[in-house]
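Asks: Got a predicted structure plus its sequence, pasted below:
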Amino acid sequence: MTGSAGILAPLRVPMFRRLAIGRVTTYIGNAVAPVALAFAVLDLTGSVVALGLVVGARSIATVLLLLMGGVLADRLPRGVILQGASLAAAVSQAATALSVLLGFATVPLLVVLSVVNGAVAAVSLPAAGALTPQTVPPAMIRQANAVVRIGINAALIGGSSLGGMLAALAGPGWAMATTAVVFLVASFCYARVRAPEIAATEPTRPLADLRAGWSEFTARTWVWTIVLAFMVVNAAVIGGLQVLGPSIADATFGRLAWGFILGAQTLGALFGAIIASRWQPRRALLFGTALIVLEAVPLLVLAHAPAVIPMLIAMFVGGIATEQFAIAWDVSLQENIPQDRLARVYSYDAVGSFLAIPLGEIAVGPLATQFGTATTLTALATLTALAILGAALVPSIRSLTRSPTPIPATP
């Protein structure tokens with residue numbers, strides 16, 4: 001189905017509906033938190049190098065623990081994992097907020113709390129992605145992923161703007177206090193998700209589980225080449241926008257406008273998810289991958305024309321492009337990876353995709369200091385375009401088409 005009834009059909013399934021609400025609520029908190037943290041660090045130190053260290057610490061912790069998160073999500077009830085992760089996120093955000101509001105925040109303390117948040121993300125990311133196909137019939141997988149992405153992007157629109165407004169009007173500390181409450185609500189939602197468990201087909205041995213996941217990951221060229229390309233893309237785009245972006249905003253159009261610019265990206269992603277839920281080409285993965293080259297445009301605009309209107313347009317278009325890839329990627333994994341190994345493949349995907357992010361976040365500040373902000377952002381945009389071109393030329397990515405049904409658990 002292609003009409004609105006087809007788009008909304010997964011929400012009629014109670015288990016999926018509960019999962020979707022929990023994920024949307026989580027992403028409201030995830031949208032507010034980085035904006036608030038960025039401005040808290042800048043208020044405390046005025047240094048983009050310090051900001052890079054704080055956000056980089058979170059990414060390092062996530063990368064180091066993601067593989068174990070994938071093993072846990074293939075062995076334990078995924079809804080329980082998400083509930084516990086949301087509770088831990090609420091506690092860490094509350095501690096961060098108190099440190100800022102009561103005036104005892106320091107860079108080392110914020111680094112430690114960022115590490116905690118990174119560990120929480122490592123546990124929850126594989127579980128969230130792998131749980132979706134357990135909650136809907138196989139025929140609804142594409143629509144279910146689109147609905148989740150639509151909800152997430154709607155949450156990010158409000159959350160990013162809310163983060164910028166709270167940071168500007170009430171202060172970063174109150175913005176982070178808001179995220180603690182939001183994560184508590186998410187934990188309650190996940191507590192009601194009791195999807196059928198995936199039966200393990202081999203004894204639980206962590207090292208053997210990791211090897212089995214690695215075998216699934218490396219067996220498909222289209223999987224590992226996409227991940228390799230996004231090591232470059234994520235480091236360049238996230239490093240440029242999350243570290244240099246707030247600094248440029250402070251020097252030009254202001255924090256409030258930066259919040260709305262981030263919201264424009266998620267508004268574009270919302271429209272992109274609606275498009276993908278109604279139509280995807282037969283070679284959706286190739287189509288989505290090629291469109292990611294548009295992620296280079298905001299970096300170039302930020303470097304050479306840091307004004308509100310050009311940034312709003314560039315981020316909106318980039319959001320549409322990103323969502324075509326994101327939904328095609330999730331559906332491709334869920335349809336082609338055995339269900340009892342899906343979370344581990346998600347974890348290897350996340351490790352590979354995120355591996356270079358800490359390097360990008362930590363290195364971009366010194367690089368901008370040495371070579372200039374505009375030159376650094378231009379170089380990051382060039383790397384993004386080259387990585388996507390390389391991925392789009394890989395034969396297995398060019399030939400991958402939709403599968404009729406997901407692959408069941410390994411026999």
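Replies: Sure thing, it's come through. These figures come from a predicted structure and were not determined experimentally.
Asks: Walking through this structure, point out its strands one by one.
Replies: In the chain, no strands are defined using DSSP state E.
Asks: List the buried residues in stretch 13-25.
Replies: By neighbour count with 16 or more other C-beta atoms under 10 Å, stretch 13-25 contains the buried residues V13, M15, F16, R17, R18, L19, A20, I21, G22, R23, V24, T25. C-beta here means a position set from N, CA and C on the backbone, and glycine is covered the same way.
Asks: All the helices of the stretch 151-300 of the chain, in order from the start?
Replies: For the stretch 151-300 of the chain, helices defined by DSSP state H, counting those that start in this stretch occupy the ranges 172-190, 206-218, 221-238, 245-251, 255-278, 284-291, 296-304.
Asks: could I get those as TSV with mean neighbour count, distance to R149 and mean pLDDT?
Replies: Converted to TSV, those look like this (neighbours: other C-beta atoms under 10 Å; distance: least, C-beta to C-beta, whole Å; pLDDT from 0 to 100):
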stretch	mean neighbour count	distance to R149	mean pLDDT
helix 172-190	22	17	87
helix 206-218	16	23	80
helix 221-238	22	17	91
helix 245-251	20	23	84
helix 255-278	23	4	81
helix 284-291	22	12	90
helix 296-304	23	20	92
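Asks: between the ones you listed, which gets nearest to A368?
Replies: Closest approach to A368 among these is made by helix 245-251 (8.2 Å; C-beta to C-beta).
Asks: contact partners of the closest one?
Replies: Around helix 245-251, the neighbours that count as contacts under C-beta atoms under 8 Å, 6 or more residues apart in numbering are A38, F39, L42, V48, L51, R255, A257, W258, I261, L302, P306, T373.
Asks: quick one: low-confidence parts of the chain?
Replies: For the chain, residues meeting the criterion pLDDT under 70 lie at 1-6, 156-157, 160, 195-206, 402-411.
Asks: Compare the helices of the stretch 151-300 of the chain and give me the one nearest V123.
Replies: helix 172-190 (12.2 Å).
Asks: Report the backbone C-alpha coordinates of the closest one in PDB.
Replies: In PDB, the C-alpha atoms belonging to helix 172-190 read as follows (Å, rounded to 0.1, in the frame of the first residue of the first chain):
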ATOM      1  CA  PRO A 172      22.300  24.700  29.300                       C
ATOM      2  CA  GLY A 173      21.800  23.300  32.800                       C
ATOM      3  CA  TRP A 174      18.000  23.500  32.600                       C
ATOM      4  CA  ALA A 175      18.100  22.000  29.100                       C
ATOM      5  CA  MET A 176      20.000  19.000  30.400                       C
ATOM      6  CA  ALA A 177      17.600  18.700  33.400                       C
ATOM      7  CA  THR A 178      14.800  18.400  30.800                       C
ATOM      8  CA  THR A 179      16.500  15.500  29.100                       C
ATOM      9  CA  ALA A 180      16.600  13.600  32.400                       C
ATOM     10  CA  VAL A 181      12.800  13.700  32.700                       C
ATOM     11  CA  VAL A 182      12.400  12.700  29.100                       C
ATOM     12  CA  PHE A 183      14.600   9.600  29.500                       C
ATOM     13  CA  LEU A 184      12.500   8.600  32.500                       C
ATOM     14  CA  VAL A 185       9.400   8.700  30.300                       C
ATOM     15  CA  ALA A 186      11.100   6.600  27.600                       C
ATOM     16  CA  SER A 187      12.000   4.000  30.200                       C
ATOM     17  CA  PHE A 188       8.400   3.600  31.100                       C
ATOM     18  CA  CYS A 189       7.400   3.100  27.500                       C
ATOM     19  CA  TYR A 190      10.100   0.400  26.900                       C
END
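Asks: got a markdown table for the contacts of helix 245-251, with distance to L386 too?
Replies: A markdown table is the format used below for those (distance: C-beta to C-beta, whole Å):
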| residue | distance to L386 |
| --- | --- |
| A38 | 28 |
| F39 | 32 |
| L42 | 31 |
| V48 | 25 |
| L51 | 27 |
| R255 | 32 |
| A257 | 31 |
| W258 | 28 |
| I261 | 25 |
| L302 | 19 |
| P306 | 24 |
| T373 | 21 |
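Asks: Which strands or helices does the longest helix belonging to the chain pack on?
Replies: Secondary structure of the chain per DSSP state H: the longest helix is helix 14-45. Here helix 14-45 touches helix 48-75, helix 78-101, helix 107-131, helix 141-169, helix 172-190, helix 245-251, helix 255-278, going by 3 or more C-beta pairs under 8 Å, 6 or more residues apart in numbering; DSSP states H and E.
Asks: ok so, going back, return the closest of the buried residues of stretch 13-25 with respect to F354.
Replies: Among these, and counting by C-beta to C-beta, the member closest to F354 is R23, at 18.6 Å.
Asks: Please tell me I have it right and that closest one contacts N153.
Replies: No. Between R23 and N153 there is no contact under C-beta atoms under 8 Å: 11.4 Å.
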